[in-house]
Every structure is written in C-alpha cells, then in structure tokens.
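Trainee: Provided below for reference: sequence and predicted model.
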Amino acid sequence: MLTADVRFEGWTTDDWVRFLHLWKPRAAADLEPTRPRGGVLVIHDGGRLRKLLHTSRGRLDIGHTWPVPLGDLAKAHHASWALAAHTGALDELMERFGARARRGDDLIAQSLCVVQIVREMMAQGAIESWPSRLRGVPPPSDVMVRKTIDSICADGKAICLGMFKAGELWTAFVARRRGFGFDVIAGPDELRPAMGLLSGDWRRDYRHLVRAVEDRYAPLAFGCFAEVDVFRALQTDGRPGAWSRAVAVRDVALSPIPMAVGLALGVDGARYAFDNLKVVTSRIDPFGFMDPLLRSVRGSVGRAAGDKDVPSVLGFDPLAALRALLSR
C-alpha cells in the first residue's frame, strides 16, 4: 500500500505514541486489574516444550506437560491469547514465502502471501492459536483489498483521521494516494500551525484541519474526526447502530463521506432499527406471527443497501470480524 519513495513527515514522538494509543481501546490496567493481559508464545517439537515466553513477563518455566490445550496454558499464565509453533515453523514460513514471492510484488501482495501461508500451516497443525477469533473469515483477495482502497481514496486524494482532546488537536494521520500506493504518511506536527486559532469546539475546529490538509497535501476523499475517548469506545462497541448513531448525533464527524462508507453506515443504522422493531414486536406479538414480515423487512434492508448484503458477498461480516479482533 506504500510507494517505494514513501515519505513520513510531521510526526513527533508524542504524536506517534498517541496515534498508536488509539488502537488500544481496552481500559487501563488499574481499571481492569483481574483481566488477563499479554500472550504466551510456545515452541515445541510435538512431544515436548522447547521454549515458553510471556509477552509481558518474559521467559517462563517449561515444566508443563505437552501437548496441552492452548486455552488452558493461557489461563495458567494469566494471558489473553496464546500462539504455538512447531520447531522450525518460522523457517518453513520464510522458505515458502521466498518460493512464492516475485520481484514485482508490492506490500499488499506480500502481506496476503504471508497470510495465506500462515493459514496453510495452521491447517497442517504447524501453527496453532487461541482464541480463534477469525475462524470462518476467509483471507481477503488482492482484488478485494485494492477495490476497497479505491472505494475509500482515489488516486491523487488523501484520507485523514483527526482526534481532538480538551479543545486541541490530540493527534492526526494523513495518507496521500499516488498511483497504486500512498506516497506520504503525515502526522499533525506541521498541520497545527496551519490550523490557526482554535475555538475549543472540535466540531468547528475540524474544518480548519480539513483546510490545512487540502492546502498542504491533496483534496480529501475521506475524513474522520472525533474526540479520543469517543473513538476508542466505539471500537469495541458491539451494539447495532453504534457508529451510525454516533455520526447522527455528531459524536463523530465524517467529511467527506465516500459512497462505500455511507452505504455501510446506512446498513448499520437499518439493522439498529430492525433490532429495535424486533424487540417491540416480541412484546406485543409473543407467538411470533409477525416473524415472516420482519424477515421480509430485513431482506428489503439488504436489497436497499445493494443487490446483496455485505456478509453474503464477502462470506463473513466485516464489522463482526473487527469487533472480534478488538474484543477483551
């Protein structure tokens, strides 16, 4: 997804740390003291443990018997996930990747190749993981990834994520599209002076960020702006309509909105309305006489969003997959 001459600019250490912090939506350790944290890495030869590591505590005692269910091993060491690999699995992965990689492959093609190899090795038992959050989710194809990027950001335009806190621009991310990849990955350090004086209300101030991005980089194809705490909470909010409701009440500002994003929000809102309708009808119609009508309404929602519902086209629900990845 990046060009060969990609340029990183406008990042300070604080801005980069804050940007990474956005993608850790879980509560702080002092708020969830009993929740398992970190993961366990296991190397074995099929009948005996060779190495056992915890991502937070380092090397662990290998006195465990093997094989043992990974879920039990994770719980024994108070970890939230576990990954096991047969001795030599990493070398095998690299050998397979080297045999399939081609000189002209870009980052997308190489990443999808690695994903496919890992899937093959998991099916063969050389690599195991717990929990299997993405079981049943097919790996994306090269065409699917490129069409998704095209639908969000056309060539010559940019995307922007702007996060505000206490009336200030907390952090931001800007990516400019050139050809098949992005040639600029920019942070907020050089955008803040160009925004001028802020009012302290991010719902007004994000427009100054949009203007600064378009003046310096390219016209925006998609922009997402919100307060930090709201954005992080939405990442793990599994309720239907959470995102569409946040956009409707201006807890999140999208400007501009690509058609693909607008369609997804419409489907999300329609499912929220359908779920509420189902709750109401279950109270006034305990015998389920209206179920056929509700199924017809839900089918109409899918056809309104497009000839097919998104999960039926992809073979899985992308929003459910995202929530599974970010779940506790």
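Mentor: On my side now, so go ahead.
Trainee: output the longest strand belonging to the protein.
Mentor: With DSSP state E setting the assignment, residue counts place strand 168-178 as the longest strand in the chain.
Trainee: the helix or strand that that strand is followed by: partners in the sheet, and parallel or antiparallel?
Mentor: On the C-terminal side of strand 168-178, the nearest following helix or strand under DSSP states H and E is strand 181-186. Strands adjacent to strand 181-186 in the sheet, as given by DSSP bridges, are strand 2-9 (parallel), strand 168-178 (antiparallel).
Trainee: burial measure for Leu169, as a count.
Mentor: 23 (other Cβ atoms under 10 Å). Using the backbone N, CA and C atoms, a C-beta is placed for each residue, glycine as well.
Trainee: re the thing from before, by mean pLDDT, show me the worst of the strands paired with strand 181-186.
Mentor: Taking each of those in turn, the lowest mean pLDDT turns up on strand 2-9, with a mean of 86.
Trainee: show me what the helix or strand that it is followed by packs onto, helices and strands only.
Mentor: Using DSSP H and E, the helix or strand that follows strand 2-9 in sequence is helix 13-21. Contacting helix 13-21 under the criterion 3 or more Cβ pairs under 8 Å, 6 or more residues apart in numbering; DSSP states H and E are the following elements: strand 168-178.
Trainee: please provide the alpha-carbon coordinates for the strand it packs on, formatted as PDB.
Mentor: Provided in PDB are the C-alpha atoms of strand 168-178 (Å, rounded to 0.1, in the frame of the first residue of the first chain):
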ATOM      1  CA  GLU A 168      -6.800  20.700  21.000                       C
ATOM      2  CA  LEU A 169      -5.700  18.500  18.100                       C
ATOM      3  CA  TRP A 170      -4.500  15.500  20.000                       C
ATOM      4  CA  THR A 171      -3.100  13.500  17.100                       C
ATOM      5  CA  ALA A 172      -3.800  13.100  13.400                       C
ATOM      6  CA  PHE A 173      -3.000  10.800  10.500                       C
ATOM      7  CA  VAL A 174      -2.900  11.800   6.800                       C
ATOM      8  CA  ALA A 175      -2.200   9.400   3.900                       C
ATOM      9  CA  ARG A 176      -1.900  10.700   0.300                       C
ATOM     10  CA  ARG A 177      -2.600   8.300  -2.600                       C
ATOM     11  CA  ARG A 178      -0.300   8.300  -5.600                       C
END
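Trainee: what are the buried residues along that strand?
Mentor: Counting neighbours by 16 or more other Cβ atoms under 10 Å, one finds that the buried residues in strand 168-178 are Leu169, Trp170, Thr171, Ala172, Phe173, Val174, Ala175, Arg176, Arg177, Arg178.
Trainee: ok, now stretch 40-58?
Mentor: Along stretch 40-58, the positions that meet the burial threshold by neighbour count (16+ other Cβ under 10 Å) are Val40, Leu41, Val42, Ile43, His44, Leu49, Leu52, Leu53, His54.
Trainee: okay if I get those as CSV plus distance to Gln116, secondary structure and pLDDT?
Mentor: Rendered in CSV, the data for those read as follows (distance: Cβ to Cβ, whole Å; DSSP: H, G, I helix; E, B strand; the rest coil; pLDDT from 0 to 100):
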residue, distance to Gln116, secondary structure, pLDDT
Val40, 25, strand, 92
Leu41, 22, strand, 93
Val42, 23, strand, 93
Ile43, 23, strand, 93
His44, 24, strand, 93
Leu49, 28, strand, 90
Leu52, 28, strand, 92
Leu53, 26, strand, 92
His54, 29, strand, 92
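Trainee: check these and tell me the two furthest apart.
Mentor: Within these, His44 and His54 form the most distant pair, 15.8 Å apart (Cβ to Cβ).
Trainee: residues contacting Val115?
Mentor: Going by Cβ atoms under 8 Å, 6 or more residues apart in numbering, Val115 touches Pro139.
Trainee: now it: which helix or strand?
Mentor: For Val115, the enclosing helix or strand under DSSP H and E is helix 107-124.
Trainee: for Glu92, same thing?
Mentor: helix 89-100.
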